[in-house]
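Asks: let me see the structure of the following:
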Amino acid sequence: MQPKKNKPVGTEKILKINNGKLSVEKYKLKGSKEEIESFFANLFFDTACKEKNFPFTLSNLPKINKQNDLDFSLEVEGNNTLLELMEIAPLENIRGGHSNASASCSLKERCEFIQKKITHKSNKYGGIETDIFLLLYSTDWKFGLTPFHFRTLSKIFHRESYHYKAIFYISWFPESPENDGKINILFPSNISPYFSQPEVVGDQAISLDLDDFSKE
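Replies: From the prediction side, this is the model:
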């Protein structure tokens, strides 16, 4: 049996203050596609079980499905639920992968990319009667989502018709002792805390190179 190839991933960067000086710590996951997705699926489960106000009751760790099925199965409130993962990584037209991706992207451009990807995925699941959760994640700080993205996406998703029970974005905090995460609920609108918040005005580019903070 051939060894599994490592999945291409980006680098997470965390800004820290040490002895009054700003520095940047870098974290990078390693493993196959199955191993990386299992990490985020389990992080989602662990975080959901810890959060007091999470709107769904999950039991049993995510179970990996066969290759041609959706990624994982979960037990949600006693019912089998499918869990599909999607990495946010707009790399289609970029040579060199994550490392050569730009750190600058407009809010509109990023949200439209995510909407297009989700719509394409959702259209394939019209014949599936089992509830489906979609979990978004990122492995590169350049593609991480902010509350500005959450507000915009929750409103975009409200206008769409998806074959998903709910859509989440999992934030990962690699610097924490237990690799903590935070679940951001983006869909449906009746349980998304971002849907009622004001929309972001304008379409300014989000650009920040954390390496600049560690330079003298």
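Asks: count of neighbours near Lys117?
Replies: 16 (other CB atoms under 10 Å). Backbone N, C-alpha and C define where each C-beta goes, glycine included.
Asks: assign it to helix, strand or coil.
Replies: Three-state assignment for Lys117 (DSSP: H, G, I helix; E, B strand; the rest coil): helix.
Asks: quick one, phi/psi of Phe113?
Replies: phi -60, psi -50 (degrees, to the nearest 10).
Asks: do you know how far Asn6 is from Thr119?
Replies: 29 Å (CB to CB, to the nearest Å).
Asks: can you pull out the helices in this protein?
Replies: Per DSSP state H, the chain carries helices over the ranges 33-50, 107-122, 147-159.
Asks: and those helices as a markdown table, adding distance to Phe72 and mean pLDDT?
Replies: Listed next are these as a markdown table, based on distance: least, CB to CB, whole Å; pLDDT from 0 to 100:
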| stretch | distance to Phe72 | mean pLDDT |
| --- | --- | --- |
| helix 33-50 | 5 | 93 |
| helix 107-122 | 15 | 91 |
| helix 147-159 | 21 | 92 |
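Asks: Asp180 is nearest to which of the ones you listed?
Replies: helix 33-50 (7.3 Å; CB to CB).
Asks: which residue is the nearest non-sequential neighbour of the residue positioned nearest the centre of the chain?
Replies: When CA atoms, centre = their mean is applied to the chain, the residue found nearest the centroid is Tyr137 (1.8 Å). In space, and not counting its chain neighbours, Tyr137 is closest to Phe40: 4.6 Å by CB to CB, 6 or more residues apart in numbering.
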